[in-house]
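[1] After the sequence you'll find the predicted model.
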Amino acid sequence: MSLLLLISTASIHAYTDVSENYDESLTQGIEYTYTEQRKILFVQIQNRYDQLALSPEEFLNTAYYYSITKLRLGYMPYHYVIDESGNVYKTGDDDVIQITDDPYLVIGYLSNNGQLSSKASIALLELTEDLSYTYGLEEYDICSYIVSETEDSFSELNLADANTFFVDSVNDTLEDWDGHRREHREYISEVINVEYEKSVEIGSNLKVKVTVQNNNNFIWTSDKYPIYIAVKDSQESIFAVNEVWDSFSKAGHVSSGIFVFPGESVELEFELQPKVVPGEYSETFEILKFDEEPFENSEFTTEFTVEKGDQQVVMIDSPEYGYVNIRDCRWFSCEKIDIVNDGEVYPVVEYHESCWYKIKYGDGKEGWFYCHYAEEIE
């Protein structure tokens, strides 16, 4: 059996999951590489003539066995398959298993004829549109597969030029297709645990660790579209850590290359910087990829006390300008190294009788500002 494959991506409303009939014992112990798809790949699957009497389900089950045992690929070399009647088959549990070196979502067309049938053309367009909308895909390629076998290891799939008739037929079918710039999926989560101290002194950061579980039936990825911890409703936070948070409303994100499988959890850590007068405070967060689209059941609240401690603290008092320059020494001719904002509170490291305060205004950051722009906090 030869497998000449063309691939494409989509997530469709109705398909037959033929992977349920696979002999899973053939792949026990295999560790897969995962990827976040960036393009759709279309591949033609040509059938041997003695296999033409088989139903598509029977053929794909045979192709699975052949791919694992004969070609030694370790997986089915496509994610979806369309037959000449326009039926769509899903050939694996995960859309993010990496099949080629490039991050493709693969669609195969099961036919010895490179020209798409009318029903297959309609199904391919609908599948491509659905998958591009779901995953945020705008580009596609059309190729054939060349299997490179290596001794004592899995074979590799290399891409080659596809049949001209197939290329022209797919391009004609997708002539008016534009794709989608961003993904559209509903994320369901559960906040398993939130850990942090209940009090923090001005000048120290409050460390927070939250554990979130993936309650979807698909894998979470965080490369093309990061998964963020964000302040509820994407509001800017008074506790944001400048140059550490992704923005003043996003406290952090899941690291690139992390895949969170259904039922598994991911730990996210971030810090809050209390530049405020002593007292009781709270901040509510949620998990999201896109603003105003939080994950279901992802909201959590931190409640804590900001304390002065034994240290001297001052509040920046500069309503006219809204900020004060921080300098590397105690004189106006000294270099400006940063700014702090009106109303923020910082611990005093040193006071000089020439009316200059040296404050700690960040992790390992210290500098001077003129005392006329300060109000002592008792």
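    Perfect, thanks for sending it. Numbers count the residues shown, from 1 in each chain.

[2] what sits against Thr164?
    When contacts are counted by Cβ atoms under 8 Å, 6 or more residues apart in numbering, Thr164 touches Gly114. Bear in mind the C-beta positions are built from the backbone N, C-alpha and C, glycine included.

[3] Give me the phi and psi angles of it.
    When quoted as degrees, to the nearest 10, the phi and psi of Thr164 stand at phi -60, psi -40.

[4] Quickly note the distance from it to Trp177.
    Taking Cβ to Cβ, to the nearest Å as the measure, Thr164 falls 20 Å from Trp177.

[5] Closest to the centroid, which residue in the chain?
    Taking Cα atoms, centre = their mean, the centroid of the chain lies closest to Ser222, which sits 1.7 Å from it.

[6] since we're on the nearest residue to it once chain neighbours are set aside, how many residues are nearby?
    On the basis of Cβ to Cβ, 6 or more residues apart in numbering, the spatially nearest residue to Ser222 that is not a chain neighbour turns out to be Val254, at 3.8 Å. Val254 is surrounded by 22 other residues when neighbours are defined as other Cβ atoms under 10 Å.

[7] pLDDT score for Val254?
    At Val254, the model reports a pLDDT of 96.

[8] My guess is the residue nearest to the centre of the chain contacts Asp246. True?
    No: contact status for Ser222 versus Asp246: not in contact, 12.0 Å apart, counting by Cβ atoms under 8 Å.

[9] Ala120 falls within a strand, correct?
    No: secondary structure of Ala120 (DSSP: H, G, I helix; E, B strand; the rest coil): helix, not part of a strand.

[10] Do I have it right that it meets Val81?
    No: the pair Ala120 and Val81 fails to qualify as a contact (Cβ under 8 Å) at a distance of 10.6 Å.

[11] who's in contact with the residue nearest to Ser222?
    Under the criterion of Cβ under 8 Å, 6+ apart, the contact partners of Val254 comprise Trp220, Ser222, Pro226, Ile227, Val260, Val266, Leu268.

[12] what's around Ala251, how many residues?
    Counted with other Cβ under 10 Å, the neighbours of Ala251 add up to 26.

[13] joint contacts of Ser222 and Asp246?
    Here Ser222 and Asp246 share the contacting residues His253, scored by Cβ under 8 Å, 6+ apart.

[14] what's the closest non-adjacent residue to Gly322?
    The shortest distance from Gly322 to any residue that is not its chain neighbour, by Cβ to Cβ, 6+ apart, is 5.1 Å, and that residue is Asp342.

[15] If you could redo that for Glu307, that was the one I meant.
    Nearest to Glu307 is Glu201, by Cβ to Cβ, 6+ apart, at 5.1 Å.

[16] Phe165: what secondary structure?
    The three-state label for Phe165, taken from three-state DSSP, comes out as helix.

[17] on that earlier part again, same list (the contacts of Val254) but as CSV, adding secondary structure.
    Output for these, formatted as CSV (three-state DSSP):
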residue, secondary structure
Trp220, strand
Ser222, coil
Pro226, coil
Ile227, coil
Val260, strand
Val266, strand
Leu268, strand
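
[18] would you list every one of the strands in the stretch 101-250 of the chain?
    Secondary structure of the stretch 101-250 of the chain, counting by DSSP state E, counting those that start in this stretch: strands at 104-110, 140-148, 156-161, 189-195, 199-201, 206-214, 220-221, 228-231, 250-253.

[19] Describe which strands the shortest one pairs with in its sheet and in which direction.
    So that's strand 220-221. Looking at strand 220-221 with DSSP bridges, its paired strands and their directions are strand 259-260 (antiparallel).

[20] which residues are in contact with the strand it pairs with?
    In this structure, residues lying in contact with strand 259-260 by Cβ under 8 Å, 6+ apart are Tyr34, Val96, Asn214, Ile219, Trp220, Thr221, Val254, Val266.

[21] Show me the two of those that sit farthest apart.
    Val96 and Val266 (15.5 Å; Cβ to Cβ).

[22] Run through the strands of the stretch 251-378 of the chain in chain order.
    So, for the stretch 251-378 of the chain - with DSSP E, counting those that start in this stretch - the strands run 259-260, 265-272, 279-290, 293-294, 300-307, 313-316, 323-327, 336-341, 345-352, 356-362, 365-370, 374-377.

[23] Output those as a markdown table; include the columns distance to Glu20, mean neighbour count and mean pLDDT.
    Shown next, in a markdown table, are those (distance: least, Cβ to Cβ, whole Å; neighbours: other Cβ atoms under 10 Å; pLDDT from 0 to 100):
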| stretch | distance to Glu20 | mean neighbour count | mean pLDDT |
| --- | --- | --- | --- |
| strand 259-260 | 23 | 18 | 96 |
| strand 265-272 | 27 | 18 | 97 |
| strand 279-290 | 30 | 17 | 98 |
| strand 293-294 | 32 | 16 | 97 |
| strand 300-307 | 37 | 16 | 98 |
| strand 313-316 | 64 | 21 | 97 |
| strand 323-327 | 62 | 20 | 97 |
| strand 336-341 | 59 | 16 | 96 |
| strand 345-352 | 61 | 17 | 96 |
| strand 356-362 | 55 | 22 | 95 |
| strand 365-370 | 58 | 19 | 96 |
| strand 374-377 | 66 | 16 | 94 |
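
[24] Dump those into a markdown table; add distance to Tyr187 as well.
    Putting the strands of the stretch 251-378 of the chain into a markdown table (distance: least, Cβ to Cβ, whole Å) gives the following:
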| stretch | distance to Tyr187 |
| --- | --- |
| strand 259-260 | 10 |
| strand 265-272 | 12 |
| strand 279-290 | 7 |
| strand 293-294 | 8 |
| strand 300-307 | 15 |
| strand 313-316 | 39 |
| strand 323-327 | 38 |
| strand 336-341 | 34 |
| strand 345-352 | 37 |
| strand 356-362 | 33 |
| strand 365-370 | 36 |
| strand 374-377 | 42 |
